[in-house]
Structures are given as structure tokens and as C-alpha cells.
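[1] Kindly return the folded structure for what I paste below:
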Amino acid sequence: MREIVHMQAGQCGNQIGSKFWEVISDEHGIDPTGAYHGDSDLQLERINVYYNEAAGGKYVPRAVLVDLEPGTMDSVRSGPFGQLFRPDNFVFGQLNADLRKLAVNMVPFPRLHFFMPGFAPLTSRGSQQYRALTVPELTQQMFDAKNMMAACDPRHGRYLTVACIFRGRMSMKEVDEQMLNVQNKNSSYFVEWIPNNIKTAVCDIPPRGLKMSATFIGNSTAIQELFKRISEQFTAMFRRKAFLHWYTGEGMDEMEFTEAESNMNDLVSEYQQYQDATAEEEGEGGEQEDEEHA
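    Numbers count the residues shown, from 1 in each chain. Below you'll find the model as predicted:
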């Protein structure tokens with residue numbers, strides 16, 4: 001006995017698949033609930049090729065229905081033959097970005113894991129009703145320095161990686177187009193030696209009170225501004241030993257502060273190194289490492 005398993009993917013695949021199962025069910029004498037009401041033994045002779053016989057003598061299509069958009073699955077379920085399919089065979093969900101995916105895609109080098117978060121739209125409650133929210137508008141806002149939650153200007157550095165998480169009803173195609181547009185227009189603000197360094201995710205459900213929103217997470221070398229500022233403030237206070245006695249009184253040593261300062265300066269230097277790096281330099285660095293290993 002041979003079985004044929006049908007994979008129905010996307011809106012087109014599922015719409016064609018639904019019509020296919022209507023025709024096949026009619027030919028085999030299967031009604032919309034999966035019960036057999038045929039008038040010929042020939043209809044049952046090879047029925048296991050397309051159907052699996054379940055409990056109660058009902059026939060279930062050997063089909064797996066897949067789509068990122070839950071609406072397509074809803075239309076199949078509410079259609080004339082929706083009860084025919086097994087609920088477990090509906091595979092749907094949204095394009096997502098869990099913490100593991102973010103960690104893998106956002107951290108190209110172990111020490112450079114400090115992100116600049118941002119959010120759009122940032123508008124006053126009173127002006128919300130007068131402002132039209134679109135994907136281009138959200139994209140423009142989320143890359144704006146005024147929308148960043150870290151006190152540093154991304155225009156003073158280069159992006160190693162970026163994650164953009166959109167919420168609300170929008171087209172994935174439009175999101176991809178806007179991300180490509182940003183990279184093409186502002187290529188000097190992205191390192192060229194990490195290709196496809198913008199990760200996107202879309203959730204259909206918007207935040208409460210908004211039609212759509214965007215959360216921005218950027219791994220930018222501009223964050224060294226923040227570390228430089230902290231380092232300068234620390235150095236000025238440490239030179240005068242301000243508040244130091246509170247820490248040494250609890251068992252800490254002055255050398256721990258000196259070491260921490262050195263580590264921060266090394267971090268700033270590493271960010272600057274990758275900001276200035278080019279694709280050619282990265283390639284040469286990789287070749288040198290290969291020679292050393294050889």
C-alpha cells in the first residue's frame with residue numbers, strides 16, 4: 001500500500017489544496033465530516049493512498065497545512081471541508097525572534113554585547129490621533145537618534161547588527177523593503193563586512209493604544225561614547241579617591257577599580273577597532289589566523 005502525504009504551504013497552496021480535497025472527497029464518496037457515503041466498493045479500494053482511517057470510521061486527509069499567517073488557516077477551517085482535517089495538522093505562526101535568535105544574530109564578537117534600544121512611535125498622547133502610522137514612518141523614527149534609549153548618537157558610529165521588531169497589521173514585504181531601503185541609503189552607517197545584518201520580526205498584535213509600533217535593538221560602535229563618558233567621570237572621581245572608602249571598607253581593593261578602568265578602556269578600543277575595520281582588513285585578519293593555526 002502506498003500513501004501520498006500532501007504539504008500545503010502558504011495562502012496559494014492552501015487555497016488550491018482545499019479545492020483539491022473537495023474534488024478528491026467527492027470522487028471517493030467522503031462527506032465534509034469525513035464519513036463515507038459512497039455507492040461503489042471501488043471508491044474504498046485505494047482510499048488509504050489519500051486518507052487515513054481514524055476512529056469511528058472517519059477518513060482524514062493525509063495533509064499538512066503550513067502558513068505563517070493564521071488567517072489562511074481560519075479560512076480553511078471555516079470552509080465547507082474544514083472539519084475534514086485533523087487539528088494537529090494545522091501548522092501556523094508568525095515570524096518571530098526569540099532571545100536565543102537575538103543573541104546569536106546580534107553579538108558578532110563576545111565582548112561587544114551592549115545594545116542601544118529604541119522605540120517608535122514616540123509622540124505625545126494628544127497628537128496621536130493626528131499622526132498617520134505607516135511602516136516607512138516607523139522605520140524613519142526608530143533609526144532616529146531622538147528615539148534611542150541610550151545617551152549616544154548612532155551617527156557617530158557604525159552598526160554591527162540591528163534587530164527591528166514590528167507589531168501591528170502590516171505587510172512583511174513592506175517591512176523588508178524598508179529595511180533594504182535604510183541600508184542602501186545609509187550604507188556608511190553599517191559595517192560592510194557583516195552582510196544581511198538587519199534582523200526583522202513581525203507580530204500581528206499591536207500594543208494597547210497603538211495601531212502599530214516598532215522596537216529597535218542596535219549593536220552600534222557609537223555606544224563607546226557612553227563608556228568614554230563613564231570612564232572620564234570615574235577617572236576624575238577615582239583620582240580624588242571620592243567615595244572610595246565605602247568600598248574598601250567592605251573589603252574591596254583599589255587595584256580592582258584600576259583593573260575595571262583598564263577593562264573599560266580596552267572595550268572602547270575594541271569598538272573603535274571594528275568601527276574602523278574594512279572588509280579587506282577582516283579578510284586579511286582571517287588569513288593570518290589560518291596561517292597561525294597551520
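[2] domain assignment for this structure?
    Taking automatic domain parsing as the reference, the chain has its domains at 6-92, 99-222, 225-285.
[3] could I get those domains as JSON lines with mean pLDDT and mean neighbour count?
    (C-beta placed from N, C-alpha, C; glycine too.) As requested, the domains of the chain are exported to JSON lines (pLDDT from 0 to 100; neighbours: other Cβ atoms under 10 Å):
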{"stretch": "domain 6-92", "mean pLDDT": "88", "mean neighbour count": "16"}
{"stretch": "domain 99-222", "mean pLDDT": "91", "mean neighbour count": "16"}
{"stretch": "domain 225-285", "mean pLDDT": "91", "mean neighbour count": "13"}
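[4] Helices along the stretch 101-250 of the chain, start to end?
    Using DSSP state H, counting those that start in this stretch, the helices of the stretch 101-250 of the chain run over residues 135-142, 172-185, 224-239, 244-248.
[5] among these, which is nearest residue 57?
    helix 172-185 (42.3 Å; Cβ to Cβ).
[6] just so I know, which of the helices of the stretch 101-250 of the chain lies nearest residue 12?
    Per Cβ to Cβ, nearest to residue 12 of these: helix 172-185, 14.8 Å.
[7] contacts for that closest one?
    Here helix 172-185 makes contact (Cβ atoms under 8 Å, 6 or more residues apart in numbering) with 68, 95, 135, 136, 139, 143, 164, 166, 190, 198, 200, 202.
[8] would you list the residues you listed in a markdown table and tack on distance to residue 36?
    As requested, those are exported to a markdown table (distance: Cβ to Cβ, whole Å):
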| residue | distance to residue 36 |
| --- | --- |
| 68 | 34 |
| 95 | 40 |
| 135 | 50 |
| 136 | 55 |
| 139 | 55 |
| 143 | 60 |
| 164 | 52 |
| 166 | 47 |
| 190 | 61 |
| 198 | 53 |
| 200 | 47 |
| 202 | 43 |
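[9] What is the most widely separated pair among the residues you listed?
    68 and 190 (26.9 Å).
[10] Please verify my assumption that residue 31 contacts residue 38.
    No - using Cβ atoms under 8 Å as the test, residue 31 is too far from residue 38 to be in contact (9.6 Å).
[11] Three-state assignment for the nearest residue to residue 86 once chain neighbours are set aside, please.
    Distances taken as Cβ to Cβ, 6 or more residues apart in numbering put residue 60 closest to residue 86, at 5.2 Å, once the chain neighbours are dropped. What DSSP: H, G, I helix; E, B strand; the rest coil gives for residue 60 is strand.
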